[in-house]
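Asker: Here is a sequence with its predicted model. Questions after.
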Amino acid sequence: MEFNLDVPFIRDILAQECARARDEIRDLGAVRALQSSQQRHDGRIAAAPDVDTLACAAGCTWCCYFTVDVRAAEVFAILDFVERRFTPEERARVYAEVRANSGALKKLGDSERVTRNLKCPFLSEGRCGIYAARPQSCRNYHATDVAGCQQSYDDPDDMDIDPEFAPGVYQAGVAHVEAFSTAMHDAGYDVDAYELNCALDAALSEPGARERFESRLKPFTELDGEEVAAEFDDLEP
C-alpha cells in the first residue's frame, strides 16, 4: 500500500514525544516512563484522522498468533502488570505458556519463527489479558480489512500478504515509538528488539536481568537482540 508521508505531522510527534520521554526517563526511570508514554501512544492513535477506518475490534484475535517483537522495557512493564493484576493461578498458567512457547521458538530459525502461528500467552477467551500494558508492536498493528489478517493466519508461509492499513494511524504510531526509542537510546538503555516469549522467559529465568537493564547494560545474558532501523530517522528535527 502506497501513501504520502505527512512530514509536518511526523516531525511534530517526533519532537514532542522525544522531549517528553527524555524528561520522564530522567525523572521516573525507563519502565515508568514507558508506561506514561504508552498512554500518549494510545491517545495519538485514537486522534489519527483515519482511526474510524480500522476493522480491529474486541474478539478479533488473528494477530494474537503472530510473532511480536518487544524491547526490554516493555518486558519488565508487562511483568509488573502481571504481578499486580493476575491471580497466582493466572500467573502460573501464563508463565508456563511463556516457557513452552519460548522452548518451541528457540528450536526454529529466523525464517521459520516469523511464519509460525503461536498463540500469545496473554490471550484468554478472545481477549488480551495485558491490554493496558500490551507491547508497542501490538499497539501499532492494525488493519482496515480483517480479511488480510485472517489470510495471514491461514497461510503464514506467504510473506507477500499485505493487510490494508490506515496511513494516519500508521504514521502516528510509528513516529511515537521511534521518538520514545530515540530517547531511551540517548539515555543509554538497551533498545534492541526481542521475541516476546523468549524475552519474557529470559526475564523470568535471570534474576539479575532487570538490574542489568536499569544499570544500562544488556539485560539478557543468553538472548541476542536485534537493532531496529528507524523508519523516520531522516525526518527527525
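Answerer: Noted; the coordinates are in hand. Numbers count the residues shown, from 1 in each chain.
Asker: now for the longest helix along the chain, which elements pack on it?
Answerer: For the chain, the helix with the greatest residue count under DSSP state H is helix 7-28. The contact analysis (3 or more Cβ pairs under 8 Å, 6 or more residues apart in numbering; DSSP states H and E) places helix 7-28 against helix 30-46, helix 167-186. Every C-beta, even on glycine, is put in place using the N, C-alpha and C of the backbone.
Asker: Centre of the chain to that helix, how far?
Answerer: Relative to its parent chain, helix 7-28 has a centroid offset of 18 Å by Cα atoms, centre = their mean, to the nearest Å.
Asker: next one: stretch 111-126
Answerer: With Cα atoms, centre = their mean as the basis, stretch 111-126 stands 14 Å off its chain's centre.
Asker: for the helices and strands packed on helix 7-28, which one ends up most surrounded?
Answerer: The highest mean neighbour count among the helices and strands packed on helix 7-28, using mean count of other Cβ atoms under 10 Å, belongs to helix 167-186: a mean of 22.
Asker: Contacts for the helix or strand that it is followed by next, please.
Answerer: Moving toward the C-terminus from helix 167-186, the next helix or strand (DSSP states H and E) is strand 194-195. By Cβ atoms under 8 Å, 6 or more residues apart in numbering, the residues outside strand 194-195 that reach it are 67-72, 75, 105, 113, 202, 220, 223, 225-226.
Asker: Recalculate using a threshold of 10 Å.
Answerer: Residues outside strand 194-195 that contact it (Cβ atoms under 10 Å, 6 or more residues apart in numbering): 67-72, 74-75, 101-102, 105-106, 110, 113-114, 118, 200-203, 219-220, 223-226.
Asker: before we move on, the earlier item: list the buried residues in the longest helix of the chain.
Answerer: Buried residues in helix 7-28, counted by 16 or more other Cβ atoms under 10 Å: 10, 13, 14, 17, 18, 20, 21, 22, 24, 25.
Asker: quick one: which of the helices and strands packed on helix 7-28 is nearest residue 4?
Answerer: Among the helices and strands packed on helix 7-28, helix 167-186 comes nearest to residue 4, with 7.9 Å by Cβ to Cβ.
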